[in-house]
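[1] After the sequence you'll find the predicted model.
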Amino acid sequence: MKKEFKVTPYEVEGQVDYERLIKEFGVSEIDNRLLERIKKHTKELHPMLRRGVFFAHRDLNWLLDEYEKGNKFFLYTGRGPSGPIHLGHLGTWIFTKWLQDKFGVDLWFQFTDDEKFLFKESSFDEIQKWTYENMLDIIALGFNPKKTFFLVDTKHANLLYPQAIKFAKKITLSTVKAAFGFTDSNNIGQVFYTSMQAVPAIIPSVLNKKNIPCLIPLAIDQDPHFRVARDIYPKLGFYKPSIIHGIFVPPLSGISGKMDSSGNKNNNAILTTDSAKEVEAKINKYAFSGGQPTIEEHRKKGGNPDIDVSYQYLKILFEPDDKKLQEIYEDYKSGKMLTSELKSILIEKINAFLKEHQKKREQAKSQISKFLFKE
Ligand code: TRP
């Protein structure tokens, strides 16, 4: 029997079978030929590409055809500001920054305060607070302020809404129900929301009065919004955006679902504002281990890095050196490396990263206005 899992923008459950997801979503795998093609332009491949963390795409070959003809693209991604930023969010944005640097392109970044107000229990004011807090984390990652434009749905409504209604007019209720599993008890704002998420992919084209290709890096749970919207872009006279899809960063509790910091689930996530002590305690206490119950048994049978959350974090985010990662893999698998040793490698990496990040996050407080898009 097939194992059950669920992936929509509003629910990720179970152990995701990414190969099956590629088929179900109708996206394409990133194969070696495409990797080589990317490498021609970027000179090196980001570890997340080498390791299949970004593993699927839509129309990336077309985007590169255009790029090679001199038709530069822009990047578009976003954040639903419903709570604090955790390590699971950072993968997509670290990769997006790499793309921005390597291709020298603009990034449009959408903050969907409307979405989170409509989908979560939080008040509008709470969502505004998280919008601000989340901006600090995104700026801290080092995006180029001259090439990065923040859009906040309710603040840039003048710009976004006239475009959103064009999408909304072409999306039926039954399409949205099928794509997101909505029922008659979903509120009407939720039904409309996809049309807001579609819009930033055309904003530079609208502003420049000329079609510009768009590449959207996202975690694959966001794909359904664009699956619904993609057929509409050409009907409105625009290019379909290209997409590059990433896997989910697993929660501390084990390799199913995704890291989530909303509600009271902070035991499942490392927040960017956690202290070194908190990181150490969370990893030691909660990070699911692929090791054996006793040291004796571990030495004899070895651990399983494929289900070990600490190893997965090193692979996805914190150990860029392939050789070192491979050594850790083998030592852990053979039993030479203990879970406590693996965890302390990870704790040190996370804390080194967060120390820098938290410093830049403080500095970001005076930078926000440089990033907010002004017409
Ligand atoms: N809906 C996304 C979230 O909940 C935010 C978002 C808006 C987004 N536009 C996007 C994510 C484009 C990826 C790509 O976080």
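    Looks like it arrived, so ask away.
[2] does whatever residue of the stretch 151-300 of the chain ends up closest to the ligand count as helix, strand or coil?
    Here the stretch 151-300 of the chain gets closest to the ligand at one residue, L218, 3.7 Å apart by CB to the nearest ligand atom. Backbone N, C-alpha and C define where each C-beta goes, glycine included. On the three-state scheme (DSSP: H, G, I helix; E, B strand; the rest coil), L218 is labelled strand.
[3] can you check I244 too?
    Quick answer, by three-state DSSP: I244 is strand.
[4] Make 10 the starting number, not 1.
    Taking 10 as the first residue, the last one we looked at is I253.
[5] quick one: low-confidence parts of this structure?
    When residues are selected by pLDDT under 70, those of the chain lie in 10-12, 266, 268-275.
[6] Near the ligand, which residues of it are found?
    Proximity of the chain to the ligand, by CB under 6 Å from any ligand atom, involves residues 18, 86-89, 119, 121, 124, 206, 225, 227, 231.
[7] Verify the stated contact: G92 with T140.
    No - look at G92 against T140 with CB atoms under 8 Å: they stay out of range, at 11.1 Å.
[8] which residues are common contacts for those two?
    Residues touching both G92 and T140 (CB atoms under 8 Å, 6 or more residues apart in numbering): none.
[9] Verify the contact between L58 and R46 for me.
    No - using CB under 8 Å, L58 is not in contact with R46; the gap is 11.3 Å.
[10] of the two, who's got more company?
    Neighbour comparison, L58 and R46: the larger count goes to L58, with 20 against 15 (by other CB atoms under 10 Å).
[11] Give me the distance between that one and the ligand.
    Distance of L58 to the ligand, given as CB to the nearest ligand atom, to the nearest Å: 18 Å.
[12] helix or strand for that residue, which one?
    Assigned by DSSP states H and E, L58 belongs to helix 56-59.
[13] same for that helix, what does it pack against?
    Packing partners of helix 56-59 (3 or more CB pairs under 8 Å, 6 or more residues apart in numbering; DSSP states H and E): helix 41-51, helix 96-112.
[14] so where do the helices sit in the stretch 260-384 of the chain?
    Using DSSP state H, counting those that start in this stretch, the helices of the stretch 260-384 of the chain run over residues 285-295, 304-310, 318-322, 331-343, 348-372, 377-380.
[15] The residues of the chain next to the ligand: which two are farthest apart?
    Farthest apart among the residues of the chain next to the ligand by CB to CB are E124 and I225. That separation is 15.8 Å.
[16] List the contacts of the spatially most central residue of the chain.
    The centroid of the chain falls nearest to T101 when counting by CA atoms, centre = their mean (3.6 Å). By CB under 8 Å, 6+ apart, the contact set of T101 is 86, 226-228, 255.
[17] neighbours around the residue of the stretch 160-309 of the chain closest to the ligand, how many?
    Neighbours around L227, by other CB under 10 Å: 20.
[18] My read is that it contacts P250, right?
    No - taking CB under 8 Å as the definition, L227 is not a contact partner of P250, at 10.4 Å.
[19] on that earlier part again, quick check: which of the helices of the stretch 260-384 of the chain is nearest to N70?
    With CB to CB as the criterion, N70 lies closest to helix 331-343 of the helices of the stretch 260-384 of the chain, at 25.9 Å.
[20] what is the orientation angle of that closest one with helix 348-372?
    140 degrees (axes from the mean of the first three to the mean of the last three CA atoms, to 10 degrees).
[21] Can you name every helix or strand that helix 331-343 contacts?
    The elements that helix 331-343 packs onto, with contact taken as 3+ CB pairs under 8 Å, 6+ apart, are helix 318-322, helix 348-372.
[22] hey, which of these is tucked in deepest?
    Greatest average neighbour count among those goes to helix 318-322 (a mean of 25), per mean count of other CB atoms under 10 Å.
[23] who touches that helix?
    Contact with helix 318-322 is made by 96, 258-264, 292, 296-299, 314, 337-338, 341, 348, 351-352, 354-355, 359, as judged by CB under 8 Å, 6+ apart.
[24] Go through the strand or helix carrying A187 and flag the buried ones.
    For A187, the host element (DSSP H and E) is helix 182-189. Neighbour-count burial for helix 182-189 flags 185, 188-189 (criterion: 16 or more other CB atoms under 10 Å).
[25] What is the distance between stretch 346-361 and the centre of its chain?
    24 Å (CA atoms, centre = their mean, to the nearest Å).
[26] just checking, F247 touches N217?
    No - here F247 does not reach N217: they are 11.8 Å apart, not a contact under CB under 8 Å.
[27] Looking only at neighbour counts, state which of these two leads.
    When F247 and N217 are compared for neighbours, F247 comes out ahead with 20 against 9, by other CB under 10 Å.
[28] ok, now which ones touch the more buried one?
    Here F247 is in contact with 210-211, 214, 220 (CB under 8 Å, 6+ apart).
[29] Go again with 6 Å.
    For F247, the contact set (CB atoms under 6 Å, 6 or more residues apart in numbering) comprises 211, 214, 220.
[30] Please tell me which one of the residues you listed counts the most neighbours.
    Ranking the contacts of F247 using other CB under 10 Å puts I211 first, with 23 neighbours.
[31] OK, contacts around that residue?
    Applying CB under 6 Å, 6+ apart to I211 gives the contacts F247.
[32] which SSE is M144 in?
    M144 belongs to helix 133-149 when assigned by DSSP H and E.
[33] one step back: turn the helices and strands packed on helix 331-343 into a markdown table, including distance to T303.
    Formatted as a markdown table, those follow (distance: least, CB to CB, whole Å):
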| stretch | distance to T303 |
| --- | --- |
| helix 318-322 | 18 |
| helix 348-372 | 11 |
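[34] Would you mind giving both backbone torsions of S37?
    Phi and psi for S37, reported as degrees, to the nearest 10, are phi -110, psi 150.
[35] No further questions, thank you.
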